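Colleague: Provided below are the primary sequence and the corresponding predicted coordinates.
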Amino acid sequence: MNRHERNETWAVFWCALLEPVLFGDVSPQETPRFLRQLSRAPRRFPDGTTRRPSLSTLKRKLQGFRRGGIEALYRRPRGDRGKPRAHDPAVIARAIAIKRDQPGRSEETINRFLAAESKAPIPRSSLYRYLHRAGATKRKLDLVNTPVRKRFTRDRTHDLWVGDFEHGPYVLEDGRPVPTRLSAFIDCHSRFLVEGRYYLRESLDVLIDSLLRALVVHGAPRAIFVDNAKVYHARQLQAACYALHIRLFHRRARDPATGGLIERFFQTAQTQFEAEVRAADILTLEQLNRAFQAWLAVSYHGRPNRETGEPPRHRLEAGRAEPRPVDMARALRFFLQHETRRVHRDFADVQLGGRFFRVDRRLRGDRVEVRYDPFTEPLDTVFLYRSDGVYLGQGTRHERRAGERAAPPPRPKPKERYLELLIVEHERDLARRSRGIDFPRAMAARRWPLNAFLTTLAELWGRKGGLSAFSTAELEALEKVYRRHPTLQRAVVVDAFARTPDKSLPAVVREIHRSLYPRKERP
């Protein structure tokens, strides 16, 4: 209770005692007798004591109310209020001057100056009070570099995700307890945890897995705010964010307060979820993640947030803007792990993590770049690239056996399929002359885009510049191939390119045609 509230409480108490006199229920002639009777009865005072009010006090309060109203019943402040009484004002003024001369001086330094001038020292708490009142502290002199903060929020869902790692409870792994790390991303507007999962380590592949799970479910955010750790500065993460048009921000060094949003969630998870985990029997990693997802769905996402006043689940839906879907095939290319290997001269394979992958026998002895998805289990296929980025084909998992050598693949029969080309041309001519539904045009909106087809071929040939990497003649030829095959997809082109020994345009086109129309299914 502050001074104003205390004065008001006492004034109301005295007014309640004198109410019959104040409102004229007691005549002026009967007032002295009423006050004497009032002074004889015990009363419970606002300070908790029970005693009789003195007659002189009652008369003084009545006169004060008639003279100045209820405010006249307030306690009058001391005449020397705000003035030092325990220390000499001259000594205090000298201490303030010493502080202003060098704002970084401590209490010990100021008292040393006072002792050298034969003045009594001032205790630390009293000295700070005097300096604060005189505006002579470091904060009052504006020498504190602590930045002024703003409330951390956004106006719409998925405008900003905040991510970080946190130490989790121990789990049972291969019969022994091992520590875990919680990787989490939280939406700034709704406080909804777009992704959260416990892992056995804190590394780039864990970060990638966590982020990809969030992108699959919620689409791409407009910005991501993460810690300043090395894993968040990885080239793959930066490239993927630029490709998906996501702004990537990092905390400033030695400024942990900017991560308060995700840190507050970690504190909630520790007190409400992890405390229960640590108090019970030790879990496996799978059991821990299953329980964590249940706690998020049942407790955290459905309970009103203290900051927003709304449950995160409701606020997520109410603040949802236009979704930003993610081309996961394109995003995954940036998150593939890269390893440099030399193809074995005898077995025509590369070794990766104790596994062997058979590659094109013509690559024996070459140094290649192996790209793979670290989260694919079992890992049966890897992708091979030259050092300049040219795609070389795929490597397939195999078991190397003693004495085995890579056999040359069977050579395809050199045969031009002229009759098939005539049939295709005839069907196209019939389709143009028919008056029925134009099925190719109706399906065009659902086909693989032409730009994506051309861009894929440019990447496979190692050409830079996208569509500008082709000549006019090449573009015309490729456009005819695209229109001739309405069911064309990226996987067909990549597979055909990998199986073609000759990487020339005619050879790749022929192999695409063979892939789409096998011998037994040719029209």
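Modeller: Thanks, I have the structure now.
Colleague: for residue 183, phi and psi?
Modeller: Main-chain torsions, residue 183, degrees, to the nearest 10: phi -100, psi 130.
Colleague: Once you drop chain neighbours, what's closest to residue 31?
Modeller: Of all residues not flanking residue 31 in the chain, residue 21 sits nearest, at 5.6 Å (CB to CB, 6 or more residues apart in numbering). In this view, the C-beta of every residue, glycine as well, is placed from N, C-alpha and C.
Colleague: I'd like the average pLDDT over the helix or strand hosting that neighbour.
Modeller: For residue 21, the host element (DSSP states H and E) is helix 19-22. For helix 19-22, the mean per-residue pLDDT is 90.
Colleague: CA atoms only: put that helix into CSV for me.
Modeller: C-alpha atoms of helix 19-22 as CSV (Å, rounded to 0.1, in the frame of the first residue of the first chain):
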residue,chain,number,x,y,z
GLU,A,19,-20.6,10.2,9.8
PRO,A,20,-23.7,11.1,12.1
VAL,A,21,-22.1,14.5,12.8
LEU,A,22,-21.0,15.1,9.2
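Colleague: quick revisit: distance check, the residue nearest to residue 31 against residue 11.
Modeller: 15 Å (CB to CB, to the nearest Å).
Colleague: May I ask you to confirm that residue 302 is in contact with residue 313?
Modeller: Yes - counting by CB atoms under 8 Å, residue 302 touches residue 313, with 6.0 Å between them.
Colleague: Between those two, point out the one with more neighbours.
Modeller: Ranked by neighbour count (other CB atoms under 10 Å), residue 302 and residue 313 place residue 313 first, with 17 against 12.
Colleague: Provide a list of residues in contact with that one.
Modeller: The contact partners of residue 313, by CB atoms under 8 Å, 6 or more residues apart in numbering, come to 190, 192, 301, 302.
Colleague: Show me which parts of stretch 87-107 are buried, residue by residue.
Modeller: Buried residues in stretch 87-107, counting neighbours by 16 or more other CB atoms under 10 Å, are found at 87, 91, 92, 94, 95, 96, 98, 99, 103, 105, 107.
Colleague: helix or strand for the second one, which one?
Modeller: Secondary-structure element containing residue 91, defined by DSSP H and E: helix 89-101.
Colleague: Name the residues of stretch 369-387 that are buried.
Modeller: 369, 370, 372, 373, 374, 382, 383, 384, 385.
Colleague: about what we covered before: distance between the helix holding residue 91 and the chain's centre?
Modeller: 50 Å (CA atoms, centre = their mean, to the nearest Å).
Colleague: Compute the inter-axis angle for whatever helix or strand comes next after that helix and helix 89-101.
Modeller: Counting by DSSP H and E, the element after helix 89-101 in chain order, helix or strand, is helix 107-116. Interaxial angle of helix 107-116 relative to helix 89-101 (axes from the mean of the first three to the mean of the last three CA atoms, to 10 degrees): 130 degrees.
Colleague: Now helix 107-116 - C-alpha only, PDB.
Modeller: The C-alpha trace of helix 107-116 is given here as PDB (Å, rounded to 0.1, in the frame of the first residue of the first chain):
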ATOM      1  CA  GLU A 107      31.300   3.300  -4.100                       C
ATOM      2  CA  GLU A 108      34.700   2.300  -2.800                       C
ATOM      3  CA  THR A 109      36.500   4.900  -5.000                       C
ATOM      4  CA  ILE A 110      34.100   7.700  -3.900                       C
ATOM      5  CA  ASN A 111      34.600   6.900  -0.200                       C
ATOM      6  CA  ARG A 112      38.400   6.900  -0.700                       C
ATOM      7  CA  PHE A 113      38.100  10.400  -2.000                       C
ATOM      8  CA  LEU A 114      36.000  11.400   1.000                       C
ATOM      9  CA  ALA A 115      38.400   9.800   3.500                       C
ATOM     10  CA  ALA A 116      41.300  11.600   1.900                       C
END
